[in-house]
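A.B. asks: Just the structure for this:
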Amino acid sequence: MKGEYFMKQILYYLVLFILFSCSGDQPQFLWEKMIKHRQANELSESIAILHEIIKEFSNSEYAPKATFQIGDIYLNEIKDYDFAIKYFKNILNEYPNSSESEKANFMIGYVYSNNLQSYTEAQEYYLLFLEKYPNSQLIPSVNYELEILEPKFIKIDSLNAIIRKDK
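C.D. replies: Residues are numbered from 1 along each chain as shown. Presented below is the predicted three-dimensional model:
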């Protein structure tokens, strides 16, 4: 009787051990771990976990989310806009049918316009957005951003005319 109880206890703990050790490989477990690191402003740890998700679960719904999060960290916390754009573009190329693709497309235009003052590139991605996502909830935001860009293009065109005139 005691031996049977002891064996059941061992079996119970063995099953728990296997379940918990396997859960470390699940993307949702890694995702939750990344969130804790990001909330603690441990950005290197967050990025490392996100890369692990992308590598180990490239075909899961978490891969484009992880790629977007890396871009978001570079944009908002690290302020490396070129790296942010790199990761957002990666989503457009690697995960074009994901819901993150829509957000990434918008963010590329936004970063080009508002952080890098690369207005031609911003306009290119905003127009691409309008073409690819005509029913998006972000359409008003894209149209607003394009309205803001319009005077900049008028000014650039007038400066170019002055330069051509001087030559």
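A.B. asks: can you tell me which residue is nearest the centre of the chain?
C.D. replies: Phe68 (1.0 Å; Cα atoms, centre = their mean).
A.B. asks: So, low pLDDT: which residues of the chain?
C.D. replies: Applying pLDDT under 70 to the chain flags residues 1-25, 155-167.
A.B. asks: show me where it has helices.
C.D. replies: Counting by DSSP state H, the chain has helices at residues 2-23, 27-39, 43-56, 62-73, 81-94, 99-114, 119-132, 139-166.
A.B. asks: taking those helices together, which one is wrapped up most tightly?
C.D. replies: Neighbour counts (mean count of other Cβ atoms under 10 Å) averaged over each of those peak at helix 62-73, with a mean of 23. Just so you know, the C-beta spots here come from the backbone N, C-alpha and C atoms, and that holds for glycine as well.
A.B. asks: For that one, enumerate the helices and strands it packs against.
C.D. replies: helix 27-39, helix 43-56, helix 81-94, helix 99-114 (3 or more Cβ pairs under 8 Å, 6 or more residues apart in numbering; DSSP states H and E).
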